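1. What would the 3D arrangement of this be:
(chains A and B)
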Number of protein chains: 2
Amino acid sequence: MRRQDRKRGDGRTGNQGARRADYGHLAHPFAPQAMFSDDAVAGLHETALRVLENLGVRFLLPEARALFAAAGAIVDEDRQMVRIGREIVAAALASAPRSIRLRAADPRHEQTYAPGRLLFGGSGGCPNATDRVRGRRPGSLSDYEDALKLQQHFDVIHILSPSAEPQDVPVHLRHYAMMRSQMLIGTKPLFAYARGRRQVADSFEMVRTALALDEAAWTDGVWCKTIINSNSPRLIDIPMAEGIIDFARAGQLTIITPFCLAGAMAPVTVAGALVLQHAEALACITLAQLAKPGAPVSYGGFSSNVDMKSGAPAFGTPEHVKMQIGSGQLARLIGLPWRSAAGSASNTADVQAATENMMGLWGAMMANATLTVHAAGWLEGGLTFGYEKFILDVEALQTIAELCARPEADAAAMAYEAIAEVDPGGHFFAAAHTMDRYDRAFYTPLVADLGNFGTWSENGAKTATERATGIWQRALAEFQPHAGAAAADERLAPFIARRTTEGGAAPSE
Amino acid sequence: MRRQDRKRGDGRTGNQGARRADYGHLAHPFAPQAMFSDDAVAGLHETALRVLENLGVRFLLPEARALFAAAGAIVDEDRQMVRIGREIVAAALASAPRSIRLRAADPRHEQTYAPGRLLFGGSGGCPNATDRVRGRRPGSLSDYEDALKLQQHFDVIHILSPSAEPQDVPVHLRHYAMMRSQMLIGTKPLFAYARGRRQVADSFEMVRTALALDEAAWTDGVWCKTIINSNSPRLIDIPMAEGIIDFARAGQLTIITPFCLAGAMAPVTVAGALVLQHAEALACITLAQLAKPGAPVSYGGFSSNVDMKSGAPAFGTPEHVKMQIGSGQLARLIGLPWRSAAGSASNTADVQAATENMMGLWGAMMANATLTVHAAGWLEGGLTFGYEKFILDVEALQTIAELCARPEADAAAMAYEAIAEVDPGGHFFAAAHTMDRYDRAFYTPLVADLGNFGTWSENGAKTATERATGIWQRALAEFQPHAGAAAADERLAPFIARRTTEGGAAPSE
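-> The predicted model follows:
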C-alpha cells in the first residue's frame, strides 16, 4: 500500500519514528551470508576465468566479436567463438561502476543501485495473465497496464517491469505501446526490452521525448534498464549482444542475467551452474565495458534447478537459494551490484507459490542482492502473471521492508515506567505508553485477516488468495494518472504515429 | 519425509555427498543477525535487571518465594512479590548449563540442545484440530496421536509436542493417555505438561517405567522437557513455579517462555516487550537454579504483537521477527540456548498461514534459535492444529534443512569438464556429469507440483493444500509402532491402572 494511504501512516512527510521503514528506499538489514568458503568462491571465479580463456563463449553478433578481437581476445570467426583472457575481464571489472543512479520521472522514485541497497521488482516477461475473476489468458495490453498500475501503487516495488506481455499488440509496434504505457502510468525507473537495435533506439527516443530530457539530463544517471539473458550454455544471441552494446553506448543499464538451470542448460551441481553463470556474466559485462568503458552494468544470476523427472524449471528450492547465496558471494568478489530473482513454479496462487517465492526472497536477503526481480506475481516459472499472487507477495515484501528499520531503543521504548505502571497479571491496553503509540506501533497487514475463526467464518471463510482479489481491484480502481502523463502523451503521439507509418520495428532474430 | 523413504535417498546409512543434509540433526547455516546495537542489547538486559530489582515479579507459590528469600531476594509475602538482586541472577546464569543432552527412546533421535544447533518442533497446545476431510473440531486423543505419528514420520521434526489437546480424555487422567501415546508412537525427545506436581511426578514415573530407566540413566541427560509460560506481565502461577522446581530437581528440562504480546500483556514497543520477556525469563531461570544449581533450563521467547483493532495475537509480523532477532541477541548475551516460535494466526492453511509461518521460521534462522516450536501445523494463533498445514510447513522446514549442508565445491562439482563437453546452446541432460548425479542432485519436493499448467489442470488443478491431504493420509496409513512399543505398553499398564483407580491427578489451579 502507498505509505500515504495507510491509516496509521505518515509516509514520506516526516514524523517518522525509528520503527518506520521507508518502503520506497531500502537497505539490507542483514549481513550477507556464505554458502561457499572464501577459497571455494575464489575457485568458482578461477574456473569461470578458465572457461572464458580456454573454452570461450559464442557471440553470434559480428560487432561483438570485433570488439573482443580489438581488445586482444582470441576470436574464431568460423565457430563464432570468443576466448577472453583474464586481463581483459579484469580491465572490464575495473571500469564498471560500483554505484549507479537510477533516474525516474518522479525524483522521489530515484534509486541508488549499489551493493547493500535492497530493491524489489515485480514479475517480468510473462506471456500469460491470470486472476480469480477472468481466469488464465494470453497477456494483453490491458493486463500489461494493470500490472504497471499495481507496481506503481505499492511503494515496496521499486522499478517497473514488463509483467504481462501485451500479445494483442503486433510485435513490430509492441514496444511503442509498452514504453508509452509505462510512462503514462508509472513514475518509477523504466524498463526497455533489448529486442533489436531499432526497437532499442525507438525506446530511448521515447524516454527522452516523454520526459523532455536533453542530452545532459539523459546521460546524468540511468533512465532505462534492460535484462540480458544469455542462451546458456555459452551462447549470446544477436539481440542480446546488440542490447549490451547499445545500452552501454547510451549510458543505460544492462542487467546481465544468465538463466542457468542446473541439470538442463547448466551443470547439475550448484557449483557447476555458478561457474557457467559467472563465466557468461563476466563475458557480457566485459562486452559492455569494451563498448563503452564505465558503462552502467549489473552482475546478475538467475540460476536454479530443474525437476529431474519432468525437466521443468523449479524455483524457491534449496538449490535455488544456495545459488542465490553463492551468486552474492561472487558479486561481492568482483565488487559489483547484482540482481537476483525469486518467483514460483506453482500453477496457482497457493501455498506452494507462497513457499517458493518466500524462499527466493529470503535467499536474496541472505545473498544481499541489490535487486530481486520476479518478487511479486510470478507464477508457472514466469509463464503467467498472477494478479492475486502479486498482492499476496507484496504482503511478504512489506513485511521484509519493515525489517529494514531497527526498533526504537531509547529509554522510553524500553518501557520501564510502563512496566512499573501495570500490575502483575494486568494488561497494557490502557497504559499511557500504549495509548501514545498504538496507532503506529505495528505493521498494518495488507491481506492477513487477524479476526478469530467465528468472525472469519461469518465473513465467508475466505482464503487470503480470495481476499486478494478485492485488493487489486481497489488498487486499480483508485488509479490516477500522474501529473505529467497528459503532457508526455502529447509529446509521444507524433513520434509513435510517424514510426508506425514507417512500419515500426520488428525484433531482431 | 523420512530420509530412508526417499527414492533418491540414502538416509543415515552413509554414502552422503556434501550436499546431503541430515534432516534429523541440524546446525545453523547462517550467522546470527542483529536488530539492536550491542549497547541497546546491554540496555535491554540492564532494564530487565532493574525491573527484577526494583519492581519484582509475583510468584503465587510460597515455596518459590521461600527459595528466593533464602537466596537473598526481597520478598513481600503480602503482595507475593519477589525482588531479585542482579547478583542472584548472575549466579543463576553462571550455574545454568550451556549444552544439554536431549535423550530419546531411539538414540538416533538424541539431540544436543546448545547454541548453534537448529531444532524444530511441531505445534503445541492446540485445543482444536482441523483437516480437509473432517473439518474443524475439538481435539481428541485420536488427533493427538495422529499429530505424534506425523511428528515421528518426518525427520525434520526433532522433538515431540502436544499438538492437539485430547479433550475427550478427562483432565485428571489425560496426562496418562498423553504420555502413553507419546511413548508408544514416538522415539524422539518427550514432552510433559507442567500442570501440577502430581501430574509431573506421574509423567516422570511413566517415562522411567516405559523406557526402563534406572536412576543413573534417568539423570544422564534429559528425557523430558516442558514449556513454562509466565502469566505476563510479571506473574508466575502455581503450576508453572511447581513445574520449574520439580523439573529442575529431577534434572529435566524447562524451556522458559514468557508469552509477551506487545500492546496487550506487554509494552507496545519491541524493546519494551523484550525487557518484560527478559525479566520474566531471568526470574524463572533463577528459580530453576535456586531449586537445583546446574538444572537444565532454556531461555525462551514468544513475543509478538496484537492486532490493535481486535486485540487478537498476530504472528509472522515484522514485530514478531524483530522480537525474535532481539531475543536471540539477549540469549547470546547470557550465553544460553534458547527457544523461539513461528506459527500463524490464519484461520485456514492458506497463503496467509504460509507467509506468517515462513516469516517466523526465517526470523528464527536470523536469530539462531536453538529450538523453534509451532514450526508446523499451528493455525489460529495456536487454537487449532491443522493436518494439511503441518504437511505444508514440513516442505518449508525440509527446504531450510537442505540449506544446512553446503554444496560440494571440489573440481568435479565445478564442472569444467562438463562445460567443455557441452556445445554452446546445447544442454546438459545427457552429460556424464549429469547422469552421474541427477538422482541425488536436488531436493525432492514433498508437496510442490512442478508439472506444467496443462498437466496440473488435467490432474484436477489441485492447490498445494488440497494435495497435502493425501500426504498426511499416507503418512498415517504407513505408521508402524516402533520395536519397543509393545513392551513399553506392557510396563506402563499396571501403573496407569493403579493411578486411575487412585483417582488420577487433577491439574493444579
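
2. Can you get me the centre-to-centre distance for stretch A:487-498 and its chain?
-> How far stretch A:487-498 lies from its chain's middle: 28 Å, per C-alpha atoms, centre = their mean, to the nearest Å.

3. Check the gap between the residue lying farthest from the centre of chain A and chain B for me.
-> Going by C-alpha atoms, centre = their mean, the residue of chain A most distant from its centre is residue A:423, 50.1 Å out. Per C-beta to the nearest C-beta, to the nearest Å, residue A:423 is found 8 Å from chain B. (Glycine included, C-beta is placed from N, CA and C.)

4. where does the stretch 1-150 of chain A dip in pLDDT?
-> Across the stretch 1-150 of chain A, residues meeting the criterion (pLDDT under 70) sit at A:1-19.

5. Would you point out which residue is most central in chain A?
-> Closest-to-mean residue, chain A, C-alpha atoms, centre = their mean: residue A:373 / 2.6 Å.

6. Need the nearest residue in space to that one, chain neighbours excluded.
-> Nearest non-adjacent residue to residue A:373, counting by C-beta to C-beta, 6 or more residues apart in numbering or on different chains: residue A:121, 4.0 Å away.

7. before we move on, back to that, for the residue farthest from the centre of chain A, which residues are in contact?
-> Residue A:423 makes contacts with residue B:233, as judged by C-beta atoms under 8 Å, 6 or more residues apart in numbering or on different chains.

8. Test for you: state the pLDDT assigned to it.
-> pLDDT for residue A:423: 97.

9. same check, this time on the one 10 residues further on
-> With respect to pLDDT, residue A:433 has a value of 97.

10. residues near it, how many?
-> A total of 22 residues lie near residue A:433 under the criterion other C-beta atoms under 10 Å in any protein chain shown.

11. Distance of residue A:393 relative to residue A:368?
-> Going from residue A:393 to residue A:368 by C-beta to C-beta, to the nearest Å gives 20 Å.

12. Which one of these two is surrounded by more residues?
-> Shown here are residue A:393 and residue A:368; by other C-beta under 10 Å, residue A:393 has more neighbours (35 against 25).

13. pretty sure that one is in contact with residue A:357, am I right?
-> Yes: judged on C-beta atoms under 8 Å, residue A:393 makes contact with residue A:357 at a distance of 5.7 Å.

14. joint contacts of these two?
-> Common neighbours of residue A:393 and residue A:357 (criterion: C-beta under 8 Å, 6+ apart): A:375-376.

15. Briefly note if stretch A:33-45 comes near chain B.
-> Yes: using C-beta under 8 Å from any C-beta of the partner chain, we find that stretch A:33-45 touches chain B at A:33, A:35-37, A:40, A:43-44.

16. so how far does stretch A:79-98 reach from one end to the other?
-> Distance across stretch A:79-98, first residue to last, is 34 Å (C-alpha to C-alpha, to the nearest Å).

17. Buried residues of it, list them for me.
-> For stretch A:79-98, burial by neighbour count (16 or more other C-beta atoms under 10 Å in any protein chain shown) applies to A:80-85, A:88-89, A:91-93, A:95-97.

18. Just these: which are in strands?
-> In this view, those that belong to strands under DSSP state E are A:81-83.

19. Take those residues and write them to JSON lines, including distance to residue A:456.
-> Formatted as JSON lines, these follow (distance: C-beta to C-beta, whole Å):
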{"residue": "A:81", "distance to residue A:456": "62"}
{"residue": "A:82", "distance to residue A:456": "60"}
{"residue": "A:83", "distance to residue A:456": "63"}
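
20. near chain B, from those residues?
-> residue A:81.

21. Of the ones in strands among the buried residues of stretch A:79-98, which is the nearest to chain B?
-> Taking C-beta to the nearest C-beta as the measure, chain B sits nearest to residue A:81 out of those, at 7.5 Å.

22. residues contacting the closest residue to the closest one other than its chain neighbours?
-> Nearest residue to residue A:81, sequence neighbours excluded (C-beta to C-beta, 6+ apart): residue A:56, at 4.4 Å. Under the criterion of C-beta under 8 Å, 6+ apart, the neighbours of residue A:56 are A:74, A:76, A:81-84, A:234.

23. Repeat the analysis, applying 7 Å as the threshold.
-> A:81-83 (C-beta atoms under 7 Å, 6 or more residues apart in numbering or on different chains).

24. Do any residues in the one helix or strand residue A:271 maps to lie close to chain B?
-> Using DSSP states H and E, residue A:271 falls within helix A:270-291. Yes: remark: helix A:270-291 sits within contact range of chain B at A:270-272, A:275-276, by C-beta under 7 Å from any C-beta of the partner chain.

25. Hmm, residue A:339 and the residue nearest to the centre of chain A touching each other?
-> Yes: assessed by C-beta atoms under 7 Å, residue A:373 is found in contact with residue A:339 at 6.3 Å.

26. What's the nearest residue in the stretch 301-450 of chain A when you look at chain B?
-> Taking C-beta to the nearest C-beta, the stretch 301-450 of chain A has residue A:415 as its residue nearest chain B, at 2.8 Å.

27. Can you report how many residues lie near that residue?
-> Residue A:415 sits with 29 neighbouring residues when counted by other C-beta under 10 Å.

28. same check, this time on residue A:335
-> Using other C-beta under 10 Å, residue A:335 has 12 neighbouring residues.

29. for residue A:478, same thing?
-> Look at residue A:478: counted by other C-beta under 10 Å, it has 11 neighbours.

30. Can you give me the distance of residue A:464 to residue B:303?
-> Counting by C-beta to C-beta - residue A:464 and residue B:303 are separated by 24 Å.

31. got the residues of the stretch 1-150 of chain A near chain B?
-> A:30-31, A:33, A:35-36, A:40, A:43-44, A:47, A:50-51, A:55, A:58.

32. how about a cut-off of 10 Å?
-> A:7-8, A:17-19, A:21, A:29-37, A:39-41, A:43-44, A:46-48, A:50-51, A:54-60, A:79-81, A:128, A:130, A:136 (C-beta under 10 Å from any C-beta of the partner chain).

33. Restrict those residues to the buried ones and give me that as a ChimeraX selection.
-> Of the residues of the stretch 1-150 of chain A next to chain B, the buried ones go into a single ChimeraX selection, burial set by 16+ other C-beta under 10 Å:
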select /A:19,21,29,30,32,33,34,35,36,40,41,43,44,47,48,50,51,55,56,57,58,59,60,80,81,128,130,136
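
34. Which of the residues of the stretch 1-150 of chain A next to chain B fall in strands?
-> Judged by DSSP E, those include A:57-59, A:81, A:128, A:130, A:136 as members of strands.

35. Out of the residues you listed, the closest to residue B:180 would be?
-> Closest approach between those and residue B:180, by C-beta to C-beta: residue A:130, at 50.2 Å.

36. tell me which residues form a beta bridge with the closest one?
-> Applying DSSP bridges to residue A:130 yields these beta-bridge partners: residue A:136, residue A:386.

37. Please apply the same query to residue A:225.
-> residue A:191, residue A:253.

38. helices or strands up against the host helix or strand of residue A:118?
-> Using DSSP H and E, residue A:118 sits in strand A:117-120. In terms of contacts (3 or more C-beta pairs under 10 Å, 6 or more residues apart in numbering or on different chains; DSSP states H and E), strand A:117-120 is packed against strand A:26-27, strand A:100-102, strand A:111-113, helix A:351-366, strand A:371-373, helix A:387-402.
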